[in-house]
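**Student:** Build me a model:
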Amino acid sequence: MKIKNIFWDVDGVLANLNFAYFNFLKNHPNYREIFKDLQYKDLPQALPVLPKYGAVELKTHPTLGNQMDYDFCHSAQFFNNRPLYPDVISTLQELNRRGIRQITASATFDVATKTKLLKQLFADAPFLDIECVQHGTFMSDTAKEDLLKFCCEKYRLNPCESVLVDDRIYNLPAALNIGMHAIRMRSEFTTDAPAELVHIPEIKTPSEILELIK
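**Tutor:** As a prediction, this is how the structure comes out:
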(Lines give C-alpha, C1' and ligand atoms only; values in the text may rest on other atoms or scores of the structure.)
Protein backbone atom coordinates (compact mmCIF):
# COMPACT_ATOMS: atom_id res chain seq x y z
CA MET A 1 0.00 0.00 0.00
CA LYS A 2 1.69 3.21 -1.19
CA ILE A 3 0.47 5.89 1.19
CA LYS A 4 1.69 9.42 1.83
CA ASN A 5 -0.98 10.51 4.36
CA ILE A 6 -2.63 8.77 7.31
CA PHE A 7 -5.82 9.97 8.95
CA TRP A 8 -6.06 8.49 12.44
CA ASP A 9 -9.34 8.05 14.22
CA VAL A 10 -8.41 8.42 17.89
CA ASP A 11 -10.90 6.66 20.16
CA GLY A 12 -10.51 2.90 19.91
CA VAL A 13 -7.55 3.24 17.53
CA LEU A 14 -4.85 5.29 19.25
CA ALA A 15 -6.56 5.77 22.63
CA ASN A 16 -8.11 3.01 24.71
CA LEU A 17 -11.76 4.04 24.80
CA ASN A 18 -12.78 0.68 26.24
CA PHE A 19 -10.73 1.47 29.34
CA ALA A 20 -12.36 4.89 29.58
CA TYR A 21 -15.87 3.44 29.34
CA PHE A 22 -15.18 0.73 31.90
CA ASN A 23 -13.72 3.21 34.35
CA PHE A 24 -16.73 5.47 33.78
CA LEU A 25 -19.30 2.75 34.46
CA LYS A 26 -17.47 1.49 37.54
CA ASN A 27 -16.81 4.89 39.15
CA HIS A 28 -19.25 7.54 37.98
CA PRO A 29 -21.69 8.26 40.85
CA ASN A 30 -24.70 7.78 38.57
CA TYR A 31 -23.67 4.28 37.48
CA ARG A 32 -21.22 2.72 39.94
CA GLU A 33 -23.97 0.99 41.92
CA ILE A 34 -25.57 -0.42 38.77
CA PHE A 35 -22.27 -1.75 37.43
CA LYS A 36 -20.46 -2.56 40.68
CA ASP A 37 -20.09 -6.22 39.67
CA LEU A 38 -19.12 -5.55 36.04
CA GLN A 39 -15.92 -7.24 34.88
CA TYR A 40 -13.87 -5.74 32.06
CA LYS A 41 -14.30 -8.81 29.87
CA ASP A 42 -18.07 -8.37 30.10
CA LEU A 43 -18.12 -4.77 28.87
CA PRO A 44 -19.90 -5.73 25.59
CA GLN A 45 -22.72 -7.23 27.63
CA ALA A 46 -23.30 -3.92 29.39
CA LEU A 47 -22.93 -1.96 26.13
CA PRO A 48 -24.19 -4.23 23.33
CA VAL A 49 -22.24 -3.77 20.09
CA LEU A 50 -24.52 -2.77 17.22
CA PRO A 51 -23.72 -4.41 13.86
CA LYS A 52 -23.25 -1.13 11.97
CA TYR A 53 -21.03 0.23 14.72
CA GLY A 54 -18.81 -2.77 15.38
CA ALA A 55 -17.34 -1.52 18.66
CA VAL A 56 -18.35 -0.73 22.24
CA GLU A 57 -20.27 2.53 22.59
CA LEU A 58 -22.13 4.09 25.51
CA LYS A 59 -25.09 5.07 23.35
CA THR A 60 -25.90 1.44 22.65
CA HIS A 61 -27.10 0.78 26.20
CA PRO A 62 -30.81 -0.02 25.70
CA THR A 63 -32.20 2.34 28.36
CA LEU A 64 -29.46 4.65 29.64
CA GLY A 65 -27.39 5.17 26.52
CA ASN A 66 -28.08 8.83 25.76
CA GLN A 67 -27.74 9.88 29.39
CA MET A 68 -24.54 7.88 29.76
CA ASP A 69 -23.05 9.55 26.71
CA TYR A 70 -23.97 12.99 28.04
CA ASP A 71 -22.54 12.28 31.49
CA PHE A 72 -19.32 10.87 30.04
CA CYS A 73 -18.77 13.79 27.69
CA HIS A 74 -19.45 16.35 30.41
CA SER A 75 -17.32 14.75 33.14
CA ALA A 76 -13.70 15.72 32.54
CA GLN A 77 -12.49 13.17 35.08
CA PHE A 78 -13.77 10.34 32.88
CA PHE A 79 -13.74 11.91 29.41
CA ASN A 80 -10.02 12.71 29.61
CA ASN A 81 -9.02 9.35 31.11
CA ARG A 82 -8.35 7.41 27.90
CA PRO A 83 -4.72 6.29 27.81
CA LEU A 84 -2.90 5.81 24.52
CA TYR A 85 -2.13 2.25 23.52
CA PRO A 86 1.50 1.35 24.38
CA ASP A 87 2.99 1.50 20.87
CA VAL A 88 1.23 4.63 19.64
CA ILE A 89 3.85 7.34 20.05
CA SER A 90 6.69 5.18 18.74
CA THR A 91 4.57 4.24 15.72
CA LEU A 92 3.67 7.84 14.96
CA GLN A 93 7.29 8.85 15.28
CA GLU A 94 8.49 6.10 12.95
CA LEU A 95 5.90 7.02 10.32
CA ASN A 96 6.99 10.64 10.61
CA ARG A 97 10.60 9.57 10.02
CA ARG A 98 9.39 7.86 6.86
CA GLY A 99 7.90 11.12 5.65
CA ILE A 100 4.25 10.15 6.15
CA ARG A 101 1.93 13.04 6.98
CA GLN A 102 -0.43 12.23 9.87
CA ILE A 103 -3.69 13.87 10.85
CA THR A 104 -6.33 13.04 13.46
CA ALA A 105 -9.86 12.50 12.19
CA SER A 106 -11.97 12.58 15.33
CA ALA A 107 -15.69 13.29 15.59
CA THR A 108 -16.74 14.63 18.97
CA PHE A 109 -19.46 16.40 20.92
CA ASP A 110 -17.31 19.50 21.43
CA VAL A 111 -14.45 20.36 19.10
CA ALA A 112 -12.63 22.71 21.48
CA THR A 113 -12.70 20.21 24.36
CA LYS A 114 -11.53 17.30 22.21
CA THR A 115 -8.83 19.35 20.51
CA LYS A 116 -7.40 20.36 23.87
CA LEU A 117 -7.36 16.74 25.01
CA LEU A 118 -5.65 15.51 21.83
CA LYS A 119 -2.94 18.14 22.06
CA GLN A 120 -2.17 16.85 25.55
CA LEU A 121 -2.26 13.19 24.55
CA PHE A 122 0.03 13.73 21.58
CA ALA A 123 2.47 16.22 23.10
CA ASP A 124 5.30 13.85 22.10
CA ALA A 125 4.15 13.86 18.48
CA PRO A 126 4.10 17.59 17.57
CA PHE A 127 4.14 16.74 13.86
CA LEU A 128 0.64 15.24 14.15
CA ASP A 129 -1.99 17.65 12.80
CA ILE A 130 -4.99 17.76 15.16
CA GLU A 131 -8.33 17.90 13.39
CA CYS A 132 -11.75 17.29 14.97
CA VAL A 133 -15.32 17.72 13.81
CA GLN A 134 -18.67 18.05 15.56
CA HIS A 135 -20.64 14.86 15.09
CA GLY A 136 -24.33 14.79 14.30
CA THR A 137 -26.99 12.12 14.67
CA PHE A 138 -25.59 8.83 15.94
CA MET A 139 -24.42 6.62 13.05
CA SER A 140 -26.28 8.55 10.37
CA ASP A 141 -24.33 11.76 9.81
CA THR A 142 -21.54 12.58 7.36
CA ALA A 143 -19.23 14.26 9.88
CA LYS A 144 -16.29 11.93 9.27
CA GLU A 145 -16.56 12.11 5.49
CA ASP A 146 -16.93 15.89 5.63
CA LEU A 147 -13.82 16.13 7.82
CA LEU A 148 -11.77 13.99 5.44
CA LYS A 149 -12.81 16.12 2.47
CA PHE A 150 -12.04 19.32 4.38
CA CYS A 151 -8.59 18.12 5.40
CA CYS A 152 -7.68 16.95 1.89
CA GLU A 153 -8.50 20.43 0.63
CA LYS A 154 -6.87 22.24 3.56
CA TYR A 155 -3.59 20.34 3.33
CA ARG A 156 -3.76 19.77 -0.47
CA LEU A 157 -3.68 16.01 -0.16
CA ASN A 158 -4.58 13.44 -2.80
CA PRO A 159 -7.25 11.08 -1.40
CA CYS A 160 -5.77 8.22 -3.44
CA GLU A 161 -2.52 8.61 -1.50
CA SER A 162 -4.31 8.69 1.87
CA VAL A 163 -5.72 6.14 4.31
CA LEU A 164 -8.17 6.34 7.21
CA VAL A 165 -7.48 4.07 10.19
CA ASP A 166 -10.72 3.57 12.12
CA ASP A 167 -12.37 0.94 14.30
CA ARG A 168 -16.01 1.85 13.71
CA ILE A 169 -17.58 -0.02 10.79
CA TYR A 170 -19.85 2.82 9.72
CA ASN A 171 -16.89 5.20 9.37
CA LEU A 172 -15.03 3.07 6.82
CA PRO A 173 -17.23 4.07 3.84
CA ALA A 174 -16.42 7.73 4.66
CA ALA A 175 -12.92 7.10 3.33
CA LEU A 176 -13.93 4.85 0.44
CA ASN A 177 -16.56 7.32 -0.76
CA ILE A 178 -13.95 9.97 -1.49
CA GLY A 179 -11.36 7.66 -3.01
CA MET A 180 -9.26 7.03 0.08
CA HIS A 181 -8.01 3.71 1.40
CA ALA A 182 -9.15 2.33 4.74
CA ILE A 183 -7.63 0.16 7.45
CA ARG A 184 -9.68 -1.14 10.35
CA MET A 185 -8.35 -1.32 13.90
CA ARG A 186 -9.60 -4.32 15.87
CA SER A 187 -9.69 -3.98 19.65
CA GLU A 188 -10.70 -6.84 21.92
CA PHE A 189 -14.42 -6.07 21.61
CA THR A 190 -14.84 -5.19 17.93
CA THR A 191 -17.04 -7.37 15.73
CA ASP A 192 -16.33 -8.66 12.23
CA ALA A 193 -16.95 -6.36 9.28
CA PRO A 194 -19.90 -7.06 6.95
CA ALA A 195 -19.27 -8.92 3.70
CA GLU A 196 -19.01 -5.75 1.61
CA LEU A 197 -16.09 -4.50 3.74
CA VAL A 198 -14.10 -7.68 4.36
CA HIS A 199 -11.53 -6.59 1.76
CA ILE A 200 -10.36 -3.81 4.08
CA PRO A 201 -7.09 -4.69 5.86
CA GLU A 202 -7.26 -5.03 9.64
CA ILE A 203 -4.69 -4.45 12.37
CA LYS A 204 -4.76 -5.27 16.07
CA THR A 205 -2.16 -2.77 17.23
CA PRO A 206 -1.20 0.60 15.75
CA SER A 207 2.36 -0.59 15.08
CA GLU A 208 1.10 -3.22 12.62
CA ILE A 209 0.47 -0.41 10.15
CA LEU A 210 4.23 -0.18 9.64
CA GLU A 211 4.07 -3.44 7.68
CA LEU A 212 1.19 -2.20 5.51
CA ILE A 213 2.51 1.27 4.69
CA LYS A 214 5.50 1.07 2.36
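
**Student:** how about low-confidence regions in the protein?
**Tutor:** Residues of the chain meeting the criterion pLDDT under 70: 136-140.

**Student:** quick check: domain ranges of it?
**Tutor:** Listed by automatic domain parsing, the domain ranges of the chain are 5-15+84-212, 17-79.

**Student:** Please tell me how far the last one is from the chain's geometric centre.
**Tutor:** In other words, domain 17-79. 16 Å (C-alpha atoms, centre = their mean, to the nearest Å).

**Student:** Reformat the domains of the chain as TSV; add mean neighbour count.
**Tutor:** Every C-beta, even on glycine, is put in place using the N, C-alpha and C of the backbone. Output for those, formatted as TSV (neighbours: other C-beta atoms under 10 Å):
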stretch	mean neighbour count
domain 5-15+84-212	18
domain 17-79	16
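
**Student:** surely residue 16 meets residue 82?
**Tutor:** Yes. In this structure, residue 16 is within contact of residue 82 by C-beta atoms under 8 Å, at 6.0 Å.

**Student:** now the strands: where do they sit in this structure?
**Tutor:** All strands of the chain, identified by DSSP state E, fall at 5-8, 101-104, 106-108, 132-134, 162-166, 181-185, 202-203.

**Student:** Pull up the pairing partners for the first one, direction included.
**Tutor:** The one in question is strand 5-8. strand 101-104 (parallel), strand 162-166 (parallel) (DSSP bridges).

**Student:** okay, those in TSV with distance to residue 210 next?
**Tutor:** Shown next, in TSV, are these (distance: least, C-beta to C-beta, whole Å):
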stretch	distance to residue 210
strand 101-104	13
strand 162-166	12
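
**Student:** Compute the first-to-last residue distance for stretch 10-25.
**Tutor:** With C-alpha to C-alpha, to the nearest Å as the measure, the first residue of stretch 10-25 is 21 Å from its last.

**Student:** Residues in contact with it: which ones?
**Tutor:** Contacting residues not belonging to stretch 10-25 are listed as 8, 31-32, 34-35, 38, 40, 43, 46-47, 55-56, 58, 68, 71-72, 75, 78-79, 81-85, 88, 104, 106, 118, 121, 165-168, 185, 187-190, 206 [C-beta atoms under 8 Å, 6 or more residues apart in numbering].

**Student:** mind listing which of those are in helices?
**Tutor:** Counted as lying in helices by DSSP state H, out of the contacts of stretch 10-25, are 43, 46, 68, 71, 72, 78, 79, 88, 118, 121.

**Student:** out of those, who's nearest residue 156?
**Tutor:** Nearest to residue 156 among these: residue 118, at 22.4 Å, using C-beta to C-beta.
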